[in-house]
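>>> need a structure here:
(one chain, ligands or ions: 1)
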Amino acid sequence: MAKILITGAAGFIGSHTTDLLLSEGHTVVGVDNFRSGHRRNLAAALTSAAFRLVEADVSAESVLAQLVATETPDAIIHLAALVSVQDSMENPELNYRLNVLATHRVAEAARESGVKRLVFASSAAVYGDATELPIREASTTRPISPYGGAKLASEALLLAHGAAFGSVVRCQRYFNVFGPRQDPASPYSGVISIFAQRFRDGQGVTIFGDGQQTRDFISVHDVARANALAATGEGVASGIANICTGRSTSLLEVAAVFGRHYPAATAPTLAPPRPGDIIHSRGDATRAGQELGFTARWPVDEGLAELIKLG
Ligand code: UD2
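Sure thing, here's the model as predicted:
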């Protein structure tokens, strides 16, 4: 069994990754500054003797280094981030601090204490407006937001760290993650979190465009498993992999699943497309299968049914 330190443990993906690792018998040290994470996400984890939660800002100098020196984890899963693309457009300085400088701090803390494995929350945002589908790891990376640029820069920092100091570094390019605990608070939150809340509250949803746009929606349970495999799997080498399903689902299909569960709901309103919206995004899932032994298991409609059941 391993000891894993997770930054951003109280967030959407962090809390599910924590829960899964604990259920597998590992020890978890969670770090979060509660900027966008919530203590309630860790309600189950906090009942476990194998879990410790530390409130700290990963981007602050020497805070993480001291914690890593004390805990000497086998691996660090670095999920703490400025998670909103929109926020990164409005505040590139904050994006730099939380999405680049914090990564550097993680790499340095790992080097100083000899941590042998690092797993990083990257994003399909590194590809920007990809034209060729499915999107492969070898596809052109041309980020179009400070957020995407910071994720790509962080990948480079960490992979170079791995090459220089001999640690294993896994960069996980998540596609459109959805599931319980995703925060629907902003109009730019993941569309499924917004739809789930609005259908539940009896409010109509808005579809920007004709609803034919597609995304590679992946359940957070699958993403947590991909993180656990990257952090604890045997024989895992450094590399980059898409964390996706390889399948497309249109927004109309998503709305239709909700509509079947909420037959009294009003039909979605169509509005003009959002500026800068991409029409189709779908990853090639092959490499994560080869390098991590990871294949997504949750079909989108089952993931939606889970969300709807939780209410
Ligand atoms: C954005 C982010 C991505 C990630 C993701 C969250 C960019 C470039 N990428 O990608 O990094 O944070 O969001 O899952 O910003 N939509 C509606 N109605 C709504 C909300 C959204 O029709 O109420 C549409 C939206 O215009 C888009 C699609 O749904 O066509 C998916 O939107 P999204 O924000 O969930 O995800 P995406 O892929 O645009």
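
>>> for the ligand, what are the nearby residues on the stretch 51-200 of the chain?
85, 123, 125, 145, 176, 188, 190-191, 194 (CB under 6 Å from any ligand atom). C-beta: built from backbone N, CA, C; applies to glycine.

>>> any idea how far residue 41 lies from the ligand?
Distance from residue 41 to the ligand, counting by CB to the nearest ligand atom, to the nearest Å: 17 Å.

>>> Could you do residue 306 as well?
17 Å.

>>> Give me the pLDDT value at that residue.
pLDDT, residue 306: 96.

>>> about what we covered before: looking at neighbours, which among the residues of the stretch 51-200 of the chain next to the ligand is most surrounded?
Highest neighbour count within these: residue 123, with 27 neighbours (other CB atoms under 10 Å).

>>> can you redo the residues of the stretch 51-200 of the chain next to the ligand as a markdown table with secondary structure?
A markdown table is the format used below for those (DSSP: H, G, I helix; E, B strand; the rest coil):
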| residue | secondary structure |
| --- | --- |
| 85 | helix |
| 123 | strand |
| 125 | helix |
| 145 | coil |
| 176 | strand |
| 188 | coil |
| 190 | coil |
| 191 | helix |
| 194 | helix |
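
>>> how about these in JSON lines, adding distance to residue 96?
Formatted as JSON lines, those follow (distance: CB to CB, whole Å):
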{"residue": "85", "distance to residue 96": "15"}
{"residue": "123", "distance to residue 96": "16"}
{"residue": "125", "distance to residue 96": "15"}
{"residue": "145", "distance to residue 96": "13"}
{"residue": "176", "distance to residue 96": "25"}
{"residue": "188", "distance to residue 96": "20"}
{"residue": "190", "distance to residue 96": "24"}
{"residue": "191", "distance to residue 96": "27"}
{"residue": "194", "distance to residue 96": "28"}
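
>>> okay, the residues you listed in TSV with distance to residue 74 and pLDDT next?
Shown next, in TSV, are these (distance: CB to CB, whole Å; pLDDT from 0 to 100):
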residue	distance to residue 74	pLDDT
85	32	94
123	25	98
125	29	96
145	33	96
176	30	98
188	36	84
190	31	97
191	36	98
194	37	98
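
>>> Just confirm residue 240 is within a strand.
Yes: per three-state DSSP, residue 240 lies within a strand segment.

>>> who touches it in this structure?
Shown in contact with residue 240 (CB atoms under 8 Å, 6 or more residues apart in numbering): 122, 137, 155, 159, 170-171, 173, 287.

>>> at 7 Å what do you get?
Residues counted as contacts of residue 240 (CB atoms under 7 Å, 6 or more residues apart in numbering) are 137, 155, 171, 173.

>>> which residue lies farthest from the center of the protein?
In the chain, the greatest distance from the average C-alpha position (CA atoms, centre = their mean) is reached by residue 264, at 33.0 Å.

>>> Okay, and that one sits in which element?
Counting by DSSP states H and E, no helix or strand carries residue 264.

>>> Please enumerate the strands of this protein.
Applying DSSP state E to the chain gives strands spanning 3-7, 27-32, 51-55, 75-78, 117-123, 168-174, 176-178, 206-208, 214-215, 217-219, 239-243, 249-250, 269-271.

>>> partners of the third one in the sheet?
Each strand pairing with strand 51-55, determined using DSSP bridges, is listed with its direction: strand 27-32 (parallel).

>>> So what touches the strand it pairs with?
1, 3-10, 18, 21-22, 42, 50-56, 58, 67, 71, 73, 80.

>>> Drop anything exposed from the residues you listed.
3-10, 18, 21-22, 42, 51-54, 56, 58, 67, 71, 73, 80 (16 or more other CB atoms under 10 Å).

>>> Now do the helices in the stretch 151-300 of the chain.
191-200, 220-232, 251-261, 286-292, 300-310 (DSSP state H, counting those that start in this stretch).
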